[in-house]
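J.: any chance you can model this:
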Amino acid sequence: MKRILKLLILPVIIAGILAMYSFANKRHNNREIQDIKISFTDYSDPFISEDNVNKLLIQKEDSVDNRLVEKLDLNRSETRLVADPMIRAAEVSVDLNGRLNVVVEQREPLARLMGSPNVYLDGDNEIMPLSGEHTALVPVVMGFKPEFQDELYEFLIYLGDDELLNAAVTQIVLDSKGNATLMLRSNQMRLKLGKLDKLQSKMTNFKAMLAKVEKDKTVDQIEAMDLRFEDQVVLVKNEE
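T.: Take a look at the predicted model:
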């Protein structure tokens, strides 16, 4: 008898739980959006402002202000945000208090490509427009062509991972064949790289030679370092 009673009680408990869940879910969906909280994964380079993110969220046809949670299309809101050229990813959710939480990941420029128009190359190897909110402190690339993009991207990734080079290189000049010359921040020295390949070998040679001329206190006499030749560095001195 007790066993039968237990079997009868179990469905009642399950039904009760489901009813409570349904009631809570319905109550949540009937809540209105009370507030919007916008946050960024990285605040160091504000390429898009919170106000502009808010404008992307609030459209005449489906404003999120005073909207029922039930009628709010979160996927559509995320899609609208990601369509903006400054935004890499976005996550939109509603908490139990009726607050709309928006987390935005901005795109990350690696270099500024000088041309018509001027644009950035970003961390996903995609072209990114300039921002009216902020200018990124990244190397400037002259002579860019689409056929150089993949090799340039790999070089910029390498550059960003090297603390010394990342701080030193201000400009990358590409000739018509994609041969690169680097301009350094601290002096007028140029680094002739040639093709953007064999980077580990070339940069190891550069750092060894730089350490030598700094030790000899002759670094200011160097106009250029030519790294195009395997296992050697050719120095070009300033004309006196």
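
J.: show the backbone phi and psi for Met128.
T.: Main-chain dihedrals, Met128, degrees, to the nearest 10: phi -130, psi 130.

J.: before we move on, what about Leu137?
T.: When read as degrees, to the nearest 10, the backbone of Leu137 gives phi -90, psi 80.

J.: what's the pLDDT at it?
T.: On pLDDT, Leu137 comes in at 93.

J.: neighbours of it, how many?
T.: Per other CB atoms under 10 Å, the neighbour tally for Leu137 reads 9. The C-beta positions use only the backbone N, C-alpha and C, and glycine is treated the same way.

J.: now the helices for the chain?
T.: Secondary structure of the chain, counting by DSSP state H: helices at 2-29, 50-57, 74-82, 149-161, 163-168, 199-215.

J.: which of those has the lowest mean pLDDT?
T.: Among these, helix 2-29 carries the lowest mean pLDDT, a mean of 49.

J.: any idea how many residues pack against Ile48?
T.: 21.

J.: brain fart, Ser44
T.: 7.

J.: also Glu105?
T.: Neighbours of Glu105 under the rule other CB under 10 Å: 15.

J.: I'd say it and Ser39 touch.
T.: No - with contact defined as CB atoms under 8 Å, Glu105 does not count as touching Ser39 (10.4 Å).

J.: is it true that Thr181 touches Gly194?
T.: No - contact criterion CB under 8 Å: Thr181 and Gly194 do not qualify, at 9.0 Å.

J.: contacting residues around Phe47?
T.: Met86, Gln106, Arg107, Ser131, Glu133, His134, Ala136 (CB atoms under 8 Å, 6 or more residues apart in numbering).

J.: among the residues you listed, which ones are in strands?
T.: Counting by DSSP state E, the contacts of Phe47 place Gln106 in strands.

J.: in ChimeraX, how would I select just the buried ones from the contacts of Phe47?
T.: If you want just the buried ones from the contacts of Phe47 in ChimeraX, going by 16 or more other CB atoms under 10 Å, the selection is:
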select :86,106,107,131,134,136
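
J.: format the contacts of Phe47 as JSON lines; extra columns: distance to Met114.
T.: As requested, these are exported to JSON lines (distance: CB to CB, whole Å):
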{"residue": "Met86", "distance to Met114": "20"}
{"residue": "Gln106", "distance to Met114": "22"}
{"residue": "Arg107", "distance to Met114": "19"}
{"residue": "Ser131", "distance to Met114": "16"}
{"residue": "Glu133", "distance to Met114": "20"}
{"residue": "His134", "distance to Met114": "18"}
{"residue": "Ala136", "distance to Met114": "14"}
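
J.: of all the contacts of Phe47, which comes closest to Val169?
T.: Ala136 (14.5 Å; CB to CB).

J.: what about the residue nearest to that closest one when sequence neighbours are not counted, how many residues nearby?
T.: Spatially, and ignoring its direct neighbours in sequence, Ala136 is nearest to Pro109 (4.3 Å; CB to CB, 6 or more residues apart in numbering). When neighbours are counted by other CB under 10 Å, Pro109 registers 24.

J.: got it, and the one 4 residues further on?
T.: For Leu113, the count of nearby residues is 23 (other CB under 10 Å).

J.: give me the spatial nearest neighbour of it, chain neighbours excluded.
T.: Excluding its sequence neighbours, the residue lying closest to Leu113 (CB to CB, 6+ apart) is Phe144, at 4.5 Å.
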